[in-house]
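what's the 3D shape of this:
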Amino acid sequence: MRASIRHLLLCPLGGIALLSGCAGQREVAVAPPPAPVRAQPVPQPLPPMGATATMQIPPIGADGQRVTPNRDLSGPATLWHMRMALNVAALSCQGSGDAARLQYNALLARHRAALTRANAQVEGEYKAQFGGGAIAQRERLNTIVYNFFALPPAQAGFCAEAVRVGAAVNSLPTDQLLAYAPTGLAALEKPFTDFFDAYARYQTDLAAWRSGRTLAAAPVVLEVRLSRADLIADDGVTVPKGAMPRLLARAD
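Below is the predicted model:
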């Protein structure tokens, strides 16, 4: 009776495996196991959208939203911030056939009365809160808002959104502009909050990379192949002393 040994699951350290039986001893060459693949460190994470590595991003507030200068605004202030965002787009978004600038000019002409009213209401809010320092406080906040919407990494998404919002604004009757302002401002801010979220993920990945916890390693494959496709041996296959458990075979 003969047995066919088809699969060698785990080989000895290398060299020659000796199989002996009634027909005498025979030597079969066994390929040495492949060298283990060394673990390769993950490349250092890079900031998203070409941002610098030392940016400070707004934290997340108790309501789960990023704390930006566009939070907790009155209706008139929301409209005014939307206008400031579209003003930034008119100055910095030069693509799309200069659509952002043309839309902003159309906004000023179409909704002049609503914007004038909102500006007066916002001015009253500042005077009520800051008294004689109202003008300085408002100018300071205006600078913060303009800088927020001019943040370079998010400009591509912002400019595309500004064109959509500008088209929507100029399709509205003036008496609906104030009601639309929260929707428009949220859309204009989203490219920036998306960027802040991506930057926060980058900071987490960078911290993990620095701690050395993140390594990528290919699995070590232990399978080896015999020099012959099938090894036929007599029934009473024996293994030289000391070779087990290094050599395991399955008999069919």
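
going forward, measure contacts and count neighbours with C-alpha atoms only.
Noted.

contacts for stretch 161-179?
With contact meaning C-alpha atoms under 8 Å, 6 or more residues apart in numbering, stretch 161-179 is reached by 75-76, 79, 85-86, 89, 99-100, 103-104, 106-107, 110-111, 114, 180, 184, 187-188.

Same question for stretch 74-85.
70, 115, 118-119, 121-122, 145-146, 149, 162, 177-179, 181-182, 184-185, 188.

Return a PyMOL selection command for the buried portion of those.
Selecting only the buried members of these in PyMOL, with burial defined as 16 or more other C-alpha atoms under 10 Å, works like this:
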select buried, resi 70+115+118+119+121+122+145+146+149+162+177+178+181+182+184+185+188
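
Looking at the contacts of stretch 74-85, which are in helices?
Using DSSP state H, the members of the contacts of stretch 74-85 that fall within helices are 115, 118-119, 121-122, 145-146, 149, 162, 177-179, 181-182, 184-185, 188.

measure Val165 to Leu188 for me?
Relative to Leu188, Val165 is positioned 7 Å away (criterion: C-alpha to C-alpha, to the nearest Å).

Show the pLDDT at Leu18.
Per-residue confidence at Leu18 stands at 45 (pLDDT).

Ok, the one 5 residues further on next?
Confidence per residue is given as pLDDT, and for Ala23 that number is 51.

Equivalent analysis for Gln137, please.
According to the model, Gln137 scores 97 on pLDDT.

Can I take it that Ala29 is in a strand?
Yes - the assignment for Ala29, made by DSSP: H, G, I helix; E, B strand; the rest coil, places it in a strand.

in this protein, which spans are helices?
Counting by DSSP H, the helices of the chain are 75-92, 99-110, 112-130, 134-149, 155-169, 177-211.

Tell me how far the fifth one lies from the chain's centre.
Spelled out, that is helix 155-169. Centroid separation for helix 155-169 versus its chain: 23 Å, with C-alpha atoms, centre = their mean, to the nearest Å.

Any buried residues in it, and which?
For helix 155-169, the buried set under the neighbour-count rule, 16+ other C-alpha under 10 Å, comprises 155, 157-167, 169.

Give me the angle between that helix and helix 177-211.
Calculated by axes from the mean of the first three to the mean of the last three C-alpha atoms, to 10 degrees, helix 155-169 forms an angle of 170 degrees with helix 177-211.

And for the first one?
Interaxial angle of helix 75-92 relative to helix 177-211 (the same axes, to 10 degrees): 70 degrees.

what residue ranges in the protein are flagged as low confidence?
Applying pLDDT under 70 to the chain picks out residues 1-28, 96, 213-252.

What are the structural domain limits within it?
According to automatic domain parsing, the chain comprises the domains 2-36+218-246, 48-211.

mind checking which of these is nearest Val42?
Among the domains of the chain, domain 48-211 comes nearest to Val42, with 7.4 Å by C-alpha to C-alpha.

Quote the end-to-end distance of that closest one.
Domain 48-211 stretches 20 Å from its first residue to its last (C-alpha to C-alpha).

related to what we said a few turns ago, let me know which of the domains of the chain is tucked in deepest.
Taking mean count of other C-alpha atoms under 10 Å as the contact definition, the stretch among the domains of the chain with the greatest mean neighbour count is domain 48-211, which reaches a mean of 17.

How far away from the center of its chain is it?
So, by C-alpha atoms, centre = their mean, the centroid of domain 48-211 is 23 Å from its chain's centroid.
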